[in-house]
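Colleague: Here is a sequence with its predicted model. Questions after.
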Amino acid sequence: MRVFFRSLLLLLGVFSVQMKADEKEVNRAGWGSPSQSAVLANEYPHHALDRNPYSITHTPLESNPWWKLDLLKVYTVNRVVITNRADCCGERINGAEIRVGNVSSDVVSNPICAVIPSIPAGASYSYSCNRMEGRYVSVVIPGNDKILTLAEVEVYVVYPDNLAAGGIVTQSSTYGSWIAERAIDFNPGFFPQPSLACSSTTIQTNPWWRLDLGLIYRVSKVIVTNRRDCCPERIKGAEIHIGNSLDNNGNNNLVCAVISSIPAGGSSTYACNGMEGRYVNLIIPGDSRILTLCEVEVYAEGNLAAGGIVTQSSTHDSWIAEQAIDFNPGFTQPSLACSSTNIQTNPWWRLDLRDTYRVSKVVVTNRLDCCPEQINGAEIHIGNSLDNNGNNNPKCAVISSIPAGGSSTYACNGMEGRYVNLIIPGDSRILTLCEVEVYAEGLIQIC
């Protein structure tokens, strides 16, 4: 029955959610701490998060009964899914309000995401919250002599740019089913059990866990979530290392932070201030230690160019536009790794970042084999307009010169834009680019 209703809602567009290309939508409900206005019998608030539609929450008959979820920090809530009880009394959900906000003490003070007119017994309905910001998600039925029961609640939040999700992980040893991948599965294992969602080593000397990001990033922060069920003290003394070396399995890289403690079920953030590295390691030094991780998130100043769409004013033979963002500077064979236009007036190259960003800097690598002076005078433009193919956007910098095979960095100080253009003004010019990197301070959310 639930599958039928989900399929029906998909056809009707009720599940329609606008997501950006670099975002992930994750059910964050299982991470939170639930409560409700009152409990009837043994129908506790966490029953709405246990992934079992046949265990329910239940308040007694009262005025304005409510259920509330503390997400533990502020998130961008994209949608909320409510599953109604299947056995009876489906009409009791009618008129319930879903509210999202940062007020904890008064559940009706937060803004309304949606009002539930009705949900058939056993069905799941999704309600778009259109990126509402909040730490608390509540379901409340206004009025006297009301009862609130919930079978399941799912809260989907937007996760932009968590690099851990796409990485490759390994650990020094594995205890039972607690494999390394479970530390990056967006499930901290609070329900139903950590063994299905957390990683853990066996008891050993210097246990470690490593994440390979695939590329080198400037890591801004690492967030670590501790297990909730027991043993929170086991994380004490864990070191976070970041770097590019695999010596000693990556544990010789520089230390970002040392974890003094994290409360059971808590998440702590560690600022790494732009440390450069491909590998993120956590290690607990010492004998007879266990390393358990219920979630690891990694955020960084990444090179946005790799995910963009490129074009140029003309193409010389095999020197296509995409070769300027292929992570290969083409020092040995530039025709297979650099972009180049033909000889023309005002040649240009454009990168579409797909979204509007605050661009902090652009890094340009010049060709090594010959002709380094051809880059002289090139202008870097950033903005949201495609007038004159994007070349009318505001100017970030003018390239005076770049040595052969050299890379130069140009500060753009948070200029906002979706398009990054390079253009050389003048007649009989050629624009050759062996690598372009674009780094940004953040995504501009446009609703």
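Modeller: That came through fine.

Colleague: What ranges in the protein fall below the confidence cut-off?
Modeller: The model of the chain has pLDDT under 70 over residues 1-24, 159-161, 191-192, 301-302, 307, 441-447.

Colleague: Just the strands from the stretch 51-200 of the chain, written as ranges.
Modeller: With strands called from DSSP state E, counting those that start in this stretch, the stretch 51-200 of the chain shows them at 57-58, 66-83, 96-101, 112-116, 124-140, 149-150, 152-160, 168-171, 199-200.

Colleague: Ranking the ones you listed by mean neighbour count, which comes first?
Modeller: Across these, averaging neighbours per residue (mean count of other Cβ atoms under 10 Å) puts strand 199-200 on top, at a mean of 26. For glycine as for every other residue, the C-beta is placed from the backbone atoms N, C-alpha and C.

Colleague: Check which residues of the next helix or strand after it are buried.
Modeller: The C-terminal neighbour of strand 199-200 among helices and strands, as given by DSSP states H and E, is strand 208-225. Buried residues in strand 208-225, counted by 16 or more other Cβ atoms under 10 Å: 208-211, 213, 216-225.

Colleague: mind checking how far strand 208-225 is from the chain centre?
Modeller: Distance of strand 208-225 from the chain centroid (Cα atoms, centre = their mean, to the nearest Å) equals 13 Å.

Colleague: Stretch 396-409 now?
Modeller: Distance of stretch 396-409 from the chain centroid (Cα atoms, centre = their mean) equals 32 Å.

Colleague: distance between the ends of it?
Modeller: Using Cα to Cα, to the nearest Å, the end-to-end distance of stretch 396-409 comes to 11 Å.

Colleague: just to revisit the earlier point, out of the strands of the stretch 51-200 of the chain, which comes closest to Arg358?
Modeller: With Cβ to Cβ, the closest approach to Arg358 among the strands of the stretch 51-200 of the chain belongs to strand 152-160: 13.3 Å.

Colleague: Quickly check the buried residues of strand 208-225 for the two that are furthest apart.
Modeller: Farthest pair in the buried residues of strand 208-225 (Cβ to Cβ) is Ile216 and Thr225. Separation: 25.2 Å.

Colleague: And Pro230, how far from Cys198?
Modeller: Heads up, residue 230 is Cys, not Pro. 11 Å (Cβ to Cβ, to the nearest Å).

Colleague: quick revisit: out of the strands of the stretch 51-200 of the chain, the one nearest Arg418 is which?
Modeller: Minimum separation from Arg418 across those (Cβ to Cβ) falls at strand 152-160, 15.5 Å.

Colleague: any residues touching that closest one, and which ones?
Modeller: 17, 19-20, 22-29, 32, 48-49, 51-53, 67, 69, 71, 75-83, 124, 131, 137, 139, 165, 186, 443 (Cβ atoms under 8 Å, 6 or more residues apart in numbering).

Colleague: from the chain's centre, how far out does that strand sit?
Modeller: 12 Å.

Colleague: okay, it in PDB with CA atoms only?
Modeller: Coordinates of the C-alpha atoms in strand 152-160 are reproduced here as PDB (Å, rounded to 0.1, in the frame of the first residue of the first chain):
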ATOM      1  CA  GLU A 152       7.200   7.600  10.600                       C
ATOM      2  CA  VAL A 153       8.800  11.000  10.000                       C
ATOM      3  CA  GLU A 154      11.600  11.700   7.500                       C
ATOM      4  CA  VAL A 155      13.300  15.100   7.300                       C
ATOM      5  CA  TYR A 156      15.300  15.600   4.200                       C
ATOM      6  CA  VAL A 157      18.000  18.300   4.400                       C
ATOM      7  CA  VAL A 158      20.300  19.700   1.800                       C
ATOM      8  CA  TYR A 159      24.000  18.700   2.000                       C
ATOM      9  CA  PRO A 160      26.100  20.800  -0.400                       C
END
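
Colleague: Okay, strands next: where are they in the stretch 201-350 of the chain?
Modeller: Under the criterion DSSP E, counting those that start in this stretch, the stretch 201-350 of the chain contains strands at 208-225, 239-243, 254-258, 267-283, 292-293, 295-301, 309-312, 339-340, 348-365.

Colleague: what angle separates the last one from strand 295-301?
Modeller: This means strand 348-365. Put simply, strand 348-365 runs at 110 degrees to strand 295-301, going by axes from the mean of the first three to the mean of the last three Cα atoms, to 10 degrees.

Colleague: Who are the packing partners of strand 348-365?
Modeller: Packing contacts for strand 348-365, counted by 3 or more Cβ pairs under 8 Å, 6 or more residues apart in numbering; DSSP states H and E, involve strand 309-312, strand 379-383, strand 395-398, strand 407-423, strand 432-433, strand 435-443.

Colleague: tell me the angle of it relative to strand 152-160?
Modeller: Angle of strand 348-365 versus strand 152-160, following the same axes, to 10 degrees, is 80 degrees.

Colleague: Leu291: what's it in contact with?
Modeller: Applying Cβ under 8 Å, 6+ apart to Leu291 gives the contacts 171-172, 199-201, 207-209, 234-235, 238, 282-284.

Colleague: which two from the residues you listed end up farthest apart in space?
Modeller: Distance extremes for the contacts of Leu291: the farthest pair is Ser172 and Ile235 at 15.6 Å, using Cβ to Cβ.

Colleague: who's more crowded, these two?
Modeller: The residue with more neighbours, out of Ser172 and Ile235, is Ile235; 26 against 18, by other Cβ atoms under 10 Å.

Colleague: mind giving me the domain ranges of this protein?
Modeller: Per the record, the chain has its domains at 2-159, 163-302, 305-443, by automatic domain parsing.

Colleague: returning to what we had before: tell me which of Cys230 and Cys198 has more neighbours.
Modeller: For Cys230 versus Cys198, the count of surrounding residues by other Cβ under 10 Å is larger for Cys198: 27 against 10.

Colleague: ok, that one - contacts?
Modeller: Cys198 makes contact with 178, 182-183, 188-189, 227, 292-295 under the criterion Cβ under 8 Å, 6+ apart.

Colleague: quick revisit: of all the strands of the stretch 51-200 of the chain, which one comes closest to Ala411?
Modeller: Minimum separation from Ala411 across these (Cβ to Cβ) falls at strand 152-160, 23.4 Å.
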